[in-house]
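**Student:** Curious how this folds, go ahead:
(one chain, ligands or ions: 2)
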Amino acid sequence: MPIQILPARLANQIAAGEVVERPASVIKELVENSLDAGADKIDLEIDRGGHKRILIRDNGSGIARDELELALSRHATSKISCLDDLEQIMSLGFRGEALASISSVARLTLTSKPATQSEAWQAKAEGRDMAVQLQPTAHPDGTSVEVLDLFFNTPARRKFLRSEKTEFQHIDETLKRIALSRFDVAFSLKHNGKLLRHYPKANTEASRQKRVALVCSAGFGEHALNIQSQYQGLHLHGWLAVQSSNTPDHQYFYVNGRMMRDKLIHHAIRQAFEGLLPPEGHAAYVLYLQLDAREVDVNVHPAKHEVRFHQARLVHDFIFRALQDALNQATAEIAQEDST
Ligand code: ADP
Ligand code: MG
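**Tutor:** Ligands and ions are numbered 1, 2, ... in the order given. Modelled structure (predicted):
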């Protein structure tokens, strides 16, 4: 075969392989876009575990009519413009791939109205070249994205979709992770027409605690130890607890607002809990690490689950020590209570 440039849809489908694994990954990308747009109210409607339909509506800044086409194109982003921006990234997105990828493997409609524009516009990317069609419509300030028939044109991917129930659980978990990262935003989730989750805005310490209880469990919300620590530009705060093995895992760790599954962090946490866990127990935590954005590289994985710390040792030891101190202090207090 001669060398040829791939048609836009095919190129986007290949890119989609890395970021769009299942309905929950669509939710993650779309909610992150709404958060980056400054929304403080995000509503999700899902049908049939998201295979059939995903609708997300936000009250964020919106996308101007003239930019809708770009928003659907690959490598088009409003979030970075140079390498320097990438090195101190504050937004969740930056790759400019999500909307193009999703619309290459589903029927995606993007509808938006910035507050400064008098009418709303709707865009779809169709055909092999993903030519964008625009039409005027009605919509309040903000953006809606509707995704129908996920993987309808990629049978290999569709085969990996699990049952409606399993896909919904992944979506639910994705929303939990996000809800724990942004207490200042209200979220709701409907499945097959039923309102199943509602996390109202939580702007006070008491309401934040309430959201943690709602997302994790009442038990965790009540018994978790509050921690707060800082050292050399590193800040760690959040909640931790020891849980018995029959409760579901609550293990959430955020780096600059981004949920992470990171080996180095896991190791530090495991070490801190060592010797304190009863045989059947496990560590439960909701923790937030804050540090200078230039000290971490988030561009390690397309789904951004991993980070690279420039000073890995320092970060590891800081987390370990902060947790160990908090746990030791709590254990000492319990011992003291027991002896009096
Ligand atoms: P990225 O988030 O990496 O920039 P996306 O493909 O997810 O790439 O989105 C492309 C662009 O579309 C974004 O940079 C943003 O300007 C715009 N956009 C997407 N979703 C929204 C939204 N909900 N509200 C406002 N703008 C949005
Ligand atoms: Mg994005």
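
**Student:** so what does the helix or strand where Lys190 lies touch, helix or strand wise?
**Tutor:** Assessed by DSSP states H and E, Lys190 sits inside strand 186-191. For strand 186-191, the packing partners by 3 or more C-beta pairs under 8 Å, 6 or more residues apart in numbering; DSSP states H and E come out as strand 41-47, helix 164-179, strand 194-199. For every residue, glycine as well, the C-beta is placed using N, CA and C.

**Student:** domain parsing for this protein?
**Tutor:** The chain resolves into domains spanning 8-199, 216-339 when parsed by automatic domain parsing.

**Student:** and the residue of this structure nearest ligand 1?
**Tutor:** Here the residue of the chain nearest ligand 1 is Gly93; by C-beta to the nearest ligand atom that distance is 2.3 Å.

**Student:** For that residue, which three-state class applies?
**Tutor:** Look at Gly93: counting by DSSP: H, G, I helix; E, B strand; the rest coil, its state is coil.

**Student:** Tabulate the domains of the chain (TSV), appending mean pLDDT and mean neighbour count.
**Tutor:** Shown next, in TSV, are those (pLDDT from 0 to 100; neighbours: other C-beta atoms under 10 Å):
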stretch	mean pLDDT	mean neighbour count
domain 8-199	95	18
domain 216-339	88	16
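
**Student:** I'd like these as TSV, with distance to ligand 2 appended.
**Tutor:** Below are those laid out as TSV (distance: least, C-beta to the ion, whole Å):
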stretch	distance to ligand 2
domain 8-199	3
domain 216-339	10
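
**Student:** Would you format the ones you listed as TSV with distance to Gln209 included?
**Tutor:** Formatted as TSV, the domains of the chain follow (distance: least, C-beta to C-beta, whole Å):
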stretch	distance to Gln209
domain 8-199	10
domain 216-339	6
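
**Student:** Run the chain-centre distance for the helix or strand where Trp239 lies.
**Tutor:** Taking DSSP H and E as the criterion, Trp239 maps to strand 234-244. Strand 234-244 sits 19 Å away from the centroid of its parent chain (C-alpha atoms, centre = their mean, to the nearest Å).

**Student:** now for that strand, which elements pack on it?
**Tutor:** Contacts defined by 3+ C-beta pairs under 8 Å, 6+ apart place strand 234-244 against helix 218-223, strand 225-231, strand 281-290, helix 312-339.
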